[in-house]
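S.K.: Take this sequence and fold it.
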Amino acid sequence: MNRIADKQVICNVLMQEAEKDRDIVVACSDSRGSGSMTAFADAFPKQFVEVGIAEQSLVSVSAGLALCGKKVFAVSPASFLSTRSMEQAKVDVAYNHSNVTLIGISGGVSYGALGFTHHSTNDIASMASISGLRVYLPSDRFQTEKLIRALLKDREPAYVRVGRNAVEDVYSEGDVPFEFNRATQICGGTDVTLVACGELVSAAQKAAELLKEKGVSARVLDMYCLKPIDREAVAKAARETRGIVTAEEHVAVGGLGSMVSQVVTAEHPARVRSLTLPDEPVVTGKSREVFDYYGLNAEGIAKAALELI
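M.R.: This next block holds a predicted model:
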């Protein structure tokens, strides 16, 4: 089982690149510890900004630094970054095309027992609604590294959500297929397509194996790029398989399922089943316990696929 959290990978990549590029800056809202950025702050004190528990200031300060030529990574809990500082993300970052990457840590339900106040189960919807702001949910540590390196070469704003804890590997060292802003097809299939993002990609991968045992051929798409969504991959899946099942750590409104359904409706009408968290405070527990409770696991995804086709 992997023990390296995605947020630690982000810190490692930024530290490697900050040695060569003094314009890379990390900003935190009293979140250097929870965001695994303490090592960066210690190694590069002149490239680190601490604003305290003030997420709105975090985003505005980051945008200002970006307008001065810095490449800023603003790290804060996803729950607060996507709600309290939404106006600053809209006006200071997106409207001005500021070179700021908003890193939403402890995303989804990964804050566990801290509960509804700290969960971010509507951040895809809120952040994707902002014109000019891209949204990414990497599936594991290897893809996270690829994504951060791609964003370092890019100058447009983005929101990246990662979980609090280490997650299962989807890919392996040296075998990480990645194309910026394009979904990754993990396996091919002709009967049904499973589309997932973030931590639930590994569940979709396992669901495909369960379906194979029942004679069902399942295609699995890792849709780490929620915005811009890979319309071509979705339309192709709608044309070539008998239905699509989506799975996400988010409510139904404005999430992956909604985005996939919009593409399918416009490009090639097909049956879509969306597995999501409920539009209410979720039960208390660790991420895996919450996923199991709501059927957001391999068994639940496989069951939905069988019912769909």
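S.K.: which one is G188 nearest to, not counting chain neighbours?
M.R.: R219 (5.6 Å; Cβ to Cβ, 6 or more residues apart in numbering). C-beta: built from backbone N, CA, C; applies to glycine.
S.K.: That neighbour is in contact with T241, isn't it?
M.R.: Yes - with contact taken as Cβ atoms under 8 Å, R219 and T241 are classed as touching, separated by 6.0 Å.
S.K.: Please enumerate the shared neighbours of these two.
M.R.: 189-190, 192-193 (Cβ atoms under 8 Å, 6 or more residues apart in numbering).
S.K.: Excluding chain neighbours, what is closest to E240?
M.R.: Of all residues not flanking E240 in the chain, T190 sits nearest, at 6.7 Å (Cβ to Cβ, 6+ apart).
S.K.: which SS state does the one you found fall under?
M.R.: Classification of T190 by DSSP: H, G, I helix; E, B strand; the rest coil places it in coil.
S.K.: Hmm, R239 and it touching each other?
M.R.: No - T190 is beyond contact range of R239, at 11.2 Å (criterion: Cβ under 8 Å).
S.K.: all strands in the chain, in order from the N-terminus.
M.R.: Using DSSP state E, the strands of the chain run over residues 24-28, 48-50, 71-77, 100-105, 134-136, 158-161, 184-187, 192-196, 218-222, 225-227, 244-251, 272-277.
S.K.: With mean neighbour count, distance to L58 and mean pLDDT as new columns, can those strands be given to me in CSV?
M.R.: Converted to CSV, the strands of the chain look like this (neighbours: other Cβ atoms under 10 Å; distance: least, Cβ to Cβ, whole Å; pLDDT from 0 to 100):
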stretch, mean neighbour count, distance to L58, mean pLDDT
strand 24-28, 24, 6, 98
strand 48-50, 17, 8, 98
strand 71-77, 28, 5, 98
strand 100-105, 29, 9, 98
strand 134-136, 25, 18, 98
strand 158-161, 27, 13, 98
strand 184-187, 19, 31, 97
strand 192-196, 30, 30, 98
strand 218-222, 27, 29, 98
strand 225-227, 22, 22, 98
strand 244-251, 28, 23, 98
strand 272-277, 21, 26, 98
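S.K.: Would you format those as TSV with distance to M1 included?
M.R.: Formatted as TSV, those follow (distance: least, Cβ to Cβ, whole Å):
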stretch	distance to M1
strand 24-28	28
strand 48-50	31
strand 71-77	25
strand 100-105	21
strand 134-136	24
strand 158-161	22
strand 184-187	19
strand 192-196	19
strand 218-222	20
strand 225-227	26
strand 244-251	19
strand 272-277	24
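S.K.: shouldn't L14 be in contact with F73?
M.R.: Yes - between L14 and F73 there is a contact under Cβ under 8 Å: 6.3 Å.
S.K.: who touches both of the two?
M.R.: Common neighbours of L14 and F73, using Cβ under 8 Å, 6+ apart, are 24, 26.
S.K.: From L137, how far out is L200?
M.R.: Distance of L200 to L137, computed by Cβ to Cβ, to the nearest Å: 9 Å.
S.K.: actually K90, sorry about that
M.R.: From K90 to L137 the distance is 20 Å (Cβ to Cβ).
S.K.: neighbour count winner among these two?
M.R.: L137 (33 against 18; other Cβ atoms under 10 Å).
S.K.: Wait, that one touches S120, no?
M.R.: No - using Cβ under 8 Å, L137 is not in contact with S120, being 11.0 Å away.
S.K.: Quickly list what's touching both of the two.
M.R.: In contact with both L137 and S120: 107, 161, using Cβ under 8 Å, 6+ apart.
S.K.: Quickly list what the nearest residue to D21 once chain neighbours are set aside is bridged to.
M.R.: Among residues not flanking D21 along the chain, K71 sits closest, at 7.2 Å (Cβ to Cβ, 6+ apart). Beta bridges link K71 to I24, judged by DSSP bridges.
S.K.: where along the stretch 101-250 of the chain do the helices fall?
M.R.: Assigned by DSSP state H, counting those that start in this stretch, the helices in the stretch 101-250 of the chain fall at 123-128, 141-152, 200-213, 231-240.
S.K.: Minimum distance to H97: which of the ones you listed has it?
M.R.: Nearest of the helices of the stretch 101-250 of the chain to H97, taken as Cβ to Cβ: helix 141-152 at 14.1 Å.
S.K.: Pull out the buried residues from the closest one.
M.R.: 141-148, 151-152 (16 or more other Cβ atoms under 10 Å).
S.K.: got those as CSV, with distance to V290 and pLDDT columns?
M.R.: Formatted as CSV, the buried residues of helix 141-152 follow (distance: Cβ to Cβ, whole Å; pLDDT from 0 to 100):
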residue, distance to V290, pLDDT
R141, 21, 97
F142, 24, 98
Q143, 22, 98
T144, 22, 98
E145, 27, 98
K146, 28, 98
L147, 25, 98
I148, 27, 98
L151, 29, 98
L152, 33, 98
